[in-house]
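Trainee: Give me coordinates for this.
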Amino acid sequence: MRHRRWALGMLFFVACRQGDIHVTETGNPELTGRWSLQGHSSDPSQWSLGTSDAPVQILEARATVDQNGLLTEVTDQPFPLPSPGTFDLIASSGVMEFGLVPADYYGVSLSLAATKGCSIELSGLRADGAPFVLRTPTEASIDLPQSGFALDQTQRALLLSFDVAVWFEGWSLEEATLEDGVARIDPDHNPALYEAFQARLLQAPILYRDANANGWLDEGDEELARPPEPEDTDEPEDTEDTEDPEDSDESEDPDESDEPEDSEDSDESADTDP
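Mentor: The predicted structure is shown next:
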């Protein structure tokens, strides 16, 4: 296992340093992988990217991805993927190429970075026609794990797409107060709604296999990995141990504690003849 880990580590190093398709020092072929990022809405009837008849129209959307990589079980560090920096979620980062090592992978890692104080910025129109601007300076990293998927000669294109509908689940833009006619949601404006957005921030990116390698999410593209659902931290722990009425009844039994012991023996001794 140690030799395999060392060999794959060297393989990853060689793949990152070479250009188009070559043969690595280990004898395994290096391929040209393809990597893209964009945005989409899983519920376009409610939240749309671009103009539409949806109640909430997101007209501008930008995200900044600092680092990303493929997760593998045989090395501690992710296999690096091209980073687009700041890109337009409504458009696409375009198809970026990278040296690919054919192998089984189990997800991707990515990091959001704050460029000019902002890592995610959305703007558009809410249902009542008022403009909104949503900004977060949060820098965060997340892994999107999955049971495993192969990248090889026949399937070597991946797409990471941010589902904007996820960001708006559980709260409403209509609740935001207006300032100069604009609904602003950021750390300094409408803080309760900002926290609701923050709770969903890292749930939006989803990894797909880009079947035709066009850099766009198409119908039929296979989902490979998504973030795990956040844990519910509001539920108290060990409630059964802290309150157990049955145990309390057993530990305190007034009938048994008040009853005198050996009452029958005392009655028999009183009845004996002198």
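Trainee: who does Thr86 bridge with?
Mentor: Thr64 (DSSP bridges).
Trainee: List the contacts of it.
Mentor: Arg62, Ala63, Thr64, Thr115 (CB atoms under 8 Å, 6 or more residues apart in numbering). C-beta here means a position set from N, CA and C on the backbone, and glycine is covered the same way.
Trainee: try it again with 10 Å
Mentor: Arg62, Ala63, Thr64, Val65, Asp66, Ser93, Ala113, Thr115, Lys116, Cys118, Ser119, Glu121 (CB atoms under 10 Å, 6 or more residues apart in numbering).
Trainee: The second one: neighbour count?
Mentor: Okay, so that is Ala63. 26 (other CB atoms under 10 Å).
Trainee: What is the end-to-end distance of stretch 166-184?
Mentor: 19 Å (CA to CA, to the nearest Å).
Trainee: List the buried residues in it.
Mentor: Val166, Trp167, Phe168, Glu169, Trp171, Leu173, Ala176, Ala183, Arg184 (16 or more other CB atoms under 10 Å).
Trainee: How about stretch 68-77?
Mentor: So, applying 16+ other CB under 10 Å, buried residues of stretch 68-77: Asn68, Gly69, Leu70, Leu71, Thr72.
Trainee: what bridges to Glu179?
Mentor: Assigned bridge partners for Glu179, using DSSP bridges, are Val182.
Trainee: Looking at it now. What's its pLDDT?
Mentor: In this model, Glu179 is scored at 96, pLDDT.
Trainee: swap in Thr72?
Mentor: 88.
Trainee: Can you give me every residue that contacts it?
Mentor: Contacts of Thr72 by CB under 10 Å, 6+ apart are Leu8, Phe12, Pro78, Phe79, Val101, Ala103, Asp104, Tyr105, Tyr106, Gly107, Gly148.
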